[in-house]
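1. Generate coordinates for the sequence data below:
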Amino acid sequence: MTNDHPHLTADAAALLSEPQAGRIRAIRSRRWVLYPRAKQALDRLEALLDHPRGSRMPSVAIYGDSGMGKTMIMQRFRDQHPPHLDRRTGILKTPVLAMEMVSRPGERRFYGELLSLLGAPQAPRADIAQMEQATLRIMKAIGTQVLVIDEVHNILAGTYREQRIVLNMLRFLSNRLQISLVCFGVNDAREAIGGDVQLARRFEQLTLNRWAANEDFETLIASILRNTPLRRPSVLTPKSLRRILQITDGITANIFQMLGSLAIEAIESGTEHITDGAVEAWVPAFDAEAVFA
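-> Below is the predicted model:
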């Protein structure tokens with residue numbers, strides 16, 4: 001099928017047949033936009049699945065400020081490897097298991113969260129050893145290869161002893177099940193994982209830095225615009241790109257929000273593209289709230 005709108009991806013062009021409200025809804029929804037930095041992270045995570053199983057499995061830690069896209073990368077990786085039924089055994093295989101670190105670290109709370117995620121009922125009086133064995137048994141049965149942990153910086157909410165216990169538990173799970181760990185967190189999470197030297201040595205570190213005025217940022221903007229269903233191409237000057245960077249502080253979520261807001265304005269006004277003038281005039285809602293406060 002011919003794409004009559006070469007400035008858009010095929011999926012974005014298909015949305016042009018939707019009514020105005022449908023396009024606006026699509027812009028406001030959580031969309032996956034592939035850009036080089038995200039692809040680099042995903043490629044590294046994919047390599048973990050292909051690594052031969054062993055006693056010291058490689059792991060990856062991805063750090064970045066809040067809003068830099070860590071959770072979206074995590075969800076994308078998880079969604080690319082959904083549970084699937086092994087017809088030979090009748091077991092639902094789950095190669096990638098994703099969870100959020102509990103708000104306060106502790107073996108009981110961690111295993112409780114993991115068992116809940118696995119859909120395994122637990123006896124109220126089950127001790128930690130029983131919960132640990134149940135976790136090992138189920139994760140081995142479902143073929144988990146990678147355990148993904150978001151908000152890993154929550155480990156720092158515990159005492160030094162609690163932190164050490166949780167880190168030791170993660171190393172134990174990795175060793176016993178021969179699985180890789182993927183941890184996402186803010187930059188403080190380096191301190192959390194660094195609390196166990198043996199565990200820290202297994203982690204390759206990737207950092208999602210705030211965006212700067214360079215080619216990578218221009219590629220990000222181009223990727224977002226190609227996935228935004230506007231009928232006319234948006235061609236922005238270097239001045240507008242600097243303006244976007246200044247307003248958003250280089251935070252990925254803010255950049256998506258700003259361009260989404262400008263796109264909705266373009267649809268509602270009928271201009272059907274984002275202009276330099278619109279970028280210059282745009283004021284974020286949080287600025288207005290700050291002035292009011």
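
2. For this structure, which segments count as strands?
-> Taking DSSP state E as the criterion, the chain carries its strands at 59-64, 84-86, 91-93, 96-100, 146-150, 180-185, 203-208.

3. Of those, which stretch is the most buried?
-> Counting by mean count of other Cβ atoms under 10 Å, strand 180-185 has the highest mean neighbour count of the strands of the chain, with a mean of 25. Every C-beta, even on glycine, is put in place using the N, C-alpha and C of the backbone.

4. Which elements pack onto that one?
-> helix 36-50, strand 59-64, helix 70-80, strand 146-150, helix 160-177, helix 189-193 (3 or more Cβ pairs under 8 Å, 6 or more residues apart in numbering; DSSP states H and E).

5. Swap in 7 Å and give it another go.
-> If contacts are counted by 3 or more Cβ pairs under 7 Å, 6 or more residues apart in numbering; DSSP states H and E, strand 180-185 sits against strand 59-64, helix 70-80, strand 146-150, helix 189-193.

6. and the angle from it to helix 70-80?
-> 150 degrees (axes from the mean of the first three to the mean of the last three Cα atoms, to 10 degrees).

7. Show the average pLDDT along strand 180-185.
-> Averaged across strand 180-185, pLDDT comes to 96.

8. about what we covered before: out of the strands of the chain, which is closest to residue 137?
-> Ranking the strands of the chain by proximity to residue 137 (Cβ to Cβ) places strand 91-93 first, at 12.2 Å.

9. just to revisit the earlier point, of the helices and strands packed on strand 180-185, which is nearest residue 101?
-> strand 146-150 (5.4 Å).

10. what pairs with that closest one, and is each one parallel or antiparallel?
-> Take DSSP bridges as the rule and strand 146-150 pairs in its sheet with strand 96-100 (parallel), strand 180-185 (parallel).

11. would a markdown table of those with distance to residue 151 be doable?
-> Formatted as a markdown table, those follow (distance: least, Cβ to Cβ, whole Å):
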| stretch | distance to residue 151 |
| --- | --- |
| strand 96-100 | 5 |
| strand 180-185 | 6 |
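
12. Could you report the pLDDT at the closest residue to residue 28 other than its chain neighbours?
-> Leaving aside its chain neighbours, residue 28 sits nearest to residue 260 (6.6 Å; criterion: Cβ to Cβ, 6 or more residues apart in numbering). Predicted confidence (pLDDT) for residue 260: 95.

13. Does residue 260 touch residue 27 like I think?
-> Yes - if you go by Cβ atoms under 7 Å, residue 260 and residue 27 touch, sitting 5.0 Å apart.
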